[in-house]
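Peer 1: All I have is the shape, not the residue letters:
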């Protein structure tokens, strides 16, 4: 291999720039030419490709977002566009492609591999819900942002004897809510993996506040319930003053945490080395604290298991320690057991 390219795809995640920096500098150290593709697969289809130098990597590790820009590209699910993308890479004599992104990005990379392009993917999503890896770039920063926000919200909620609902990202996975909820000592954590009972929650919350608690923090993943609707329902049912905060995109912005900068650097370097060693069509992920290179097919087959032990611990440490489980039917067995 002589020429490599890197792109970022899908939702941005803090630490993507660390991965790009690591790719650039590792590639140059190994005597590869390195190119950047702007705006993910959309930019690939438009041939928005430019050479990258060591200077392009300067200082970017300190910033969130991605210096290569990113975009979602539904058009790339079309086989004709996948072939077009592969043909463009071949036209530019690019021997290997490093994709930084989530599950959709993996699908795009796997499609390019079928058309003769050597690809590897670095997992990056704040949700930490990707198959085949324990950790994803951006998750730690998002959790830290939530914990920081909750610290401020708890102060003002306590001053007014309020309960507070903080809605966080996570339509299909509650990892941000679970990790942040444990870290900030939330009384209640609502995640899509465990349907909860609004009635049970209202009774527990009312009991807590009547017994003299000056505030209660409810961390709600967006896939578990609508934060505003839940707040209105609880206020009507309990007459407790409840403030609702939708954190939104603040979780994806800002400088990456040290952990995400280190993870991005580690996985970026490993991606270049994997291509150099012919370990292609693979996810460059983490397993038990170490880098693991896993073929796309095996990664897709490896389900992301909901961390039941952490959820149960969080329930014990929160209001449920005294008031009982607020889950609709408890945690069942099976893939999330």
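Peer 2: Nice, I can see it. Please read these numbers as outputs of a predicted model, since none were measured by experiment.
Peer 1: so how many other residues sit close to residue 277?
Peer 2: Residues within reach of residue 277, counting by other C-beta atoms under 10 Å, total 9. Every residue, glycine included, has its C-beta placed from N, CA and C.
Peer 1: going forward can the numbers begin at 2, since that is how I track them
Peer 2: That works, and once the first residue is 2, the last one we named lands at residue 278.
Peer 1: so what's the backbone phi/psi at it?
Peer 2: phi -90, psi 10 (degrees, to the nearest 10).
Peer 1: Same question for residue 68.
Peer 2: In terms of degrees, to the nearest 10, the main-chain angles of residue 68 are phi -70, psi -20.
Peer 1: Surely it and residue 24 touch.
Peer 2: No: between residue 68 and residue 24 there is no contact under C-beta atoms under 8 Å: 11.6 Å.
Peer 1: Those two: which is more packed in?
Peer 2: Remark: of residue 68 and residue 24, residue 24 carries more neighbours, 30 against 17, as counted by other C-beta under 10 Å.
Peer 1: Enumerate the positions of stretch 210-223 that are buried.
Peer 2: Using 16 or more other C-beta atoms under 10 Å as the test for burial, stretch 210-223 gives 210, 216, 217, 218, 219, 220, 221, 222, 223.
Peer 1: residues contacting the third one?
Peer 2: Translated: residue 217. With contact set as C-beta atoms under 8 Å, 6 or more residues apart in numbering, residue 217 has these partners: 158, 164, 165, 188, 189, 206, 209, 210, 320.
Peer 1: let's go with 6 Å and repeat that
Peer 2: 164, 188, 206, 209 (C-beta atoms under 6 Å, 6 or more residues apart in numbering).
Peer 1: again, but for residue 36
Peer 2: 6, 50, 52.
Peer 1: and if we set it to 10 Å?
Peer 2: The contact partners of residue 36, by C-beta atoms under 10 Å, 6 or more residues apart in numbering, come to 4-8, 25, 28, 50-53, 90, 93-95, 98.
Peer 1: Residue 108 now?
Peer 2: 10, 77, 78, 83, 102, 122, 297, 301.
Peer 1: Name the SS class of it, please.
Peer 2: helix (DSSP: H, G, I helix; E, B strand; the rest coil).
Peer 1: Which pLDDT does the model give it?
Peer 2: If you check residue 108, the pLDDT there is 95.
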